[in-house]
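Asker: Any chance you can model this:
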Amino acid sequence: PRRLTEYDDLLDARQAYSILALAALAARSYGICSKAFIKLESLGALSEKQRAQYEDLALQIFTKHPPKDATSSTIVCNQCNTPNPDWSTSCLACDTTFLCSVVSGKSMSETEFWICETCKHRATESEISRIRTCPLCHTTI
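Answerer: Next comes the predicted model:
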């Protein structure tokens, strides 16, 4: 759920968690959506009116849809071999940080990957081989 926060050089926290909440809502990942709303409601720069609007919207969503996620794919930690949800930013067992693919947004456990020379974000070799420019900064590969 924290992948967008890895792009804090491009997005502020309010933008990142708003996008995350919207994407999770559209994907019916209500658990992730709920966590994004919690982060939004706790941002220090919000006015009381904005905070109340987030709380009201969250109440409307989560009274209809419990904050649970559907099962997702898994990624196996290359340090301890523990399976983790593919959206995890770190291993649940050993806290090893997973890299994120700029192409798919999925976590990567591979030790071999492509790095953009311009923005320094990463992707798996198989994902990047199908495209001609970096999905983030549009530099020609």
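
Asker: after whichever helix in the chain runs longest comes which helix or strand?
Answerer: The residue-count maximum for a helix in the chain (DSSP state H) belongs to helix 48-64. Next helix or strand after helix 48-64 toward the C-terminus (DSSP states H and E): strand 74-76.

Asker: where does the protein dip in pLDDT?
Answerer: 1-6, 8, 71-72 (pLDDT under 70).

Asker: and if we set it to 90?
Answerer: 1-17, 19-20, 22-32, 39, 43-46, 68-75, 78, 84-92, 97-112, 124-127 (pLDDT under 90).

Asker: and the closest residue to A58 other than its chain neighbours, backbone torsions?
Answerer: Closest residue to A58 apart from its sequence neighbours, by Cβ to Cβ, 6 or more residues apart in numbering: F37 at 4.3 Å. Quick note: C-beta positions are derived from backbone N, CA and C, even for glycine. Backbone dihedrals for F37, given as degrees, to the nearest 10, come out at phi -60, psi -40.

Asker: And for F37, the neighbour number?
Answerer: Other residues lying near F37 total 24 when counted by other Cβ atoms under 10 Å.

Asker: show me where the chain has strands.
Answerer: Assigned by DSSP state E, the strands in the chain fall at 74-76, 83-85, 99-100, 107-108, 114-115, 122-123.

Asker: Turn the ones you listed into a markdown table, including mean neighbour count and distance to Y30.
Answerer: As requested, these are exported to a markdown table (neighbours: other Cβ atoms under 10 Å; distance: least, Cβ to Cβ, whole Å):
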| stretch | mean neighbour count | distance to Y30 |
| --- | --- | --- |
| strand 74-76 | 15 | 20 |
| strand 83-85 | 17 | 15 |
| strand 99-100 | 20 | 22 |
| strand 107-108 | 21 | 21 |
| strand 114-115 | 16 | 33 |
| strand 122-123 | 22 | 28 |
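
Asker: can I get the ones you listed in JSON lines with distance to T139?
Answerer: Shown next, in JSON lines, are the strands of the chain (distance: least, Cβ to Cβ, whole Å):
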{"stretch": "strand 74-76", "distance to T139": "27"}
{"stretch": "strand 83-85", "distance to T139": "30"}
{"stretch": "strand 99-100", "distance to T139": "18"}
{"stretch": "strand 107-108", "distance to T139": "20"}
{"stretch": "strand 114-115", "distance to T139": "11"}
{"stretch": "strand 122-123", "distance to T139": "12"}
